[in-house]
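Chemist: dropping the sequence and predicted coords here.
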Amino acid sequence: MPPSMPCPSIRIPVELLTQSTFSQFGTVIENPAHSPLPPSQRGPPPDAVSANQGSALKILDVTHMSNLYSLAPSKKPAKAVMNMFVCAPRELRPHEPSESMPSSWGDLDFDEEDYGNADRELFDVRILERHPFTTQTFIPMGLSGHERHTQYLVIVAPTLPASASRRNIDRPPPYPTPKVKKQNGITEIFARARPSPFTNEAAPPPSQFTRLHPSARPKGPGLPDLKNIRAFVATGNQAVTYGAGTWHAPMAVIGERPIDFVVVQFANGAGIEDCQEIILTPDKNAEEGVVVMVDSDSSGKVEVKAGIGSVKSRL
C-alpha cells in the first residue's frame, strides 16, 4: 500500500492551462493558432518549417522527453512505451462553504458570495503520483477543442525539500537519488579547485542535466508541496507532458463522457522506479483535505477563476 501524508484543508481554484503557467511542471503541447489565449499573450511563435510538399506546417520540439533511468538503483534499462488510458468522468460533490485555506501560490479572491452565474462543485484530491525517472505525455483523443460538456483537469504540485518530507512520514520517501562519491585524495581535491591546476578551467564542468528543460530535471526525494498545489483545465486541443518526478494527480476527467488518452513515457518494469504514489490523508482536525473548486456555466463549461484569463474566460 502506498505511504500516506497528512494534509491540511485546502481549496484550489482552476486555472487556464498555458505553457507559461505550467512551465515549472512540464510542457503544454498545442497548435498556437488554437491557443485559448489572445494573440498578445501567446509569447513568441514556435520554430516551424514547411513539410509534406508545402501542405503542412511542422512545429519543432513541441515537448521535452527525458529518460533518467540511469539514476535508478536497479540500473535496469528502460524502453519507450505507449499505452492508452480510457478515463471515466470523476464524481464531484456539491459545493458547501468551508473554512479551508486557499492555496498560497497566487493572490486570489475566495469570496463565497462572488460566484456570478456559475455552479460550483468540488473534486477531492486523494492521491498524488510521480514518475521519478521519466517524463509522461498525455494526448487526448476524440475530444474537440470546443467541447462544452467534457474537459479534463491537470493537477500538479512542486516538490518539498527532503528534510521537510521526513517530518511528515515515518520513513524517507522511496525516491532514490544518485550517490555522491567522496573525493578525498590529493588529486581529487586539486581537481575540484578553481581555476583547475590541470585544465585552467575557471568554472566546474556543467551538470549532465543542464541541457534538459528545467521541468525535466530530477526533482529530488521530497514529498509534494500541498500549499502550492495547482489545478488547470485543458481543452481537447491540448496535450500535456509532466516533467520527470513531477507530483501530479491521476488524470481527472470531468463532464459527461470518458476521454481516451494515449500516454507516452519510458519504463523499466521495476514498479517503485516506474511509479510512486502518496495518499493524502486529512489532518485529524481538518474538515476536508485537498479540494479543487470546479465552477461551470449553465452548459457545463468550466469557468476559470484564477490566473490568466480568469473570471471572464470561457474555454
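Modeler: Here it is on my side, so go on.
Chemist: pLDDT of stretch 122-139, averaged?
Modeler: For stretch 122-139, mean pLDDT is 96.
Chemist: same question, stretch 101-114
Modeler: Mean predicted lDDT for stretch 101-114 stands at 53.
Chemist: pLDDT below threshold where in the stretch 151-300 of the chain?
Modeler: When residues are selected by pLDDT under 70, those of the stretch 151-300 of the chain lie in 163-209.
Chemist: where does V292 sit: helix, strand or coil?
Modeler: strand (DSSP: H, G, I helix; E, B strand; the rest coil).
Chemist: tally of neighbours for the residue lying closest to E30 once chain neighbours are set aside?
Modeler: Spatial nearest neighbour of E30, excluding adjacent residues (CB to CB, 6 or more residues apart in numbering): Q238 at 4.7 Å. Any C-beta I mention is one placed from the backbone N, CA and C, and that applies to glycine too. Residues near Q238, counting by other CB atoms under 10 Å, number 27.
Chemist: got the phi/psi numbers for Q238?
Modeler: phi -120, psi 130 (degrees, to the nearest 10).
Chemist: cool, and the one 3 residues further on?
Modeler: The main-chain torsion angles of T241 are listed as degrees, to the nearest 10 and equal phi -110, psi 120.
Chemist: what sits against it?
Modeler: G26, T27, V28, I29, T63, H64, M65, T135, Q136, T137, F138 (CB atoms under 8 Å, 6 or more residues apart in numbering).
Chemist: same thing but 10 Å
Modeler: 22, 25-29, 62-66, 135-139, 213, 215-216, 264-265 (CB atoms under 10 Å, 6 or more residues apart in numbering).
Chemist: among these, which are in helices?
Modeler: F22 (DSSP state H).
Chemist: could you pick out the buried ones from the contacts of T241?
Modeler: Listed as buried from the contacts of T241 are 22, 25-29, 62-66, 135-139, 213, 215-216, 264-265; burial here means 16 or more other CB atoms under 10 Å.
Chemist: so which residues of the stretch 201-315 of the chain form helices?
Modeler: 271-274 (DSSP state H, counting those that start in this stretch).
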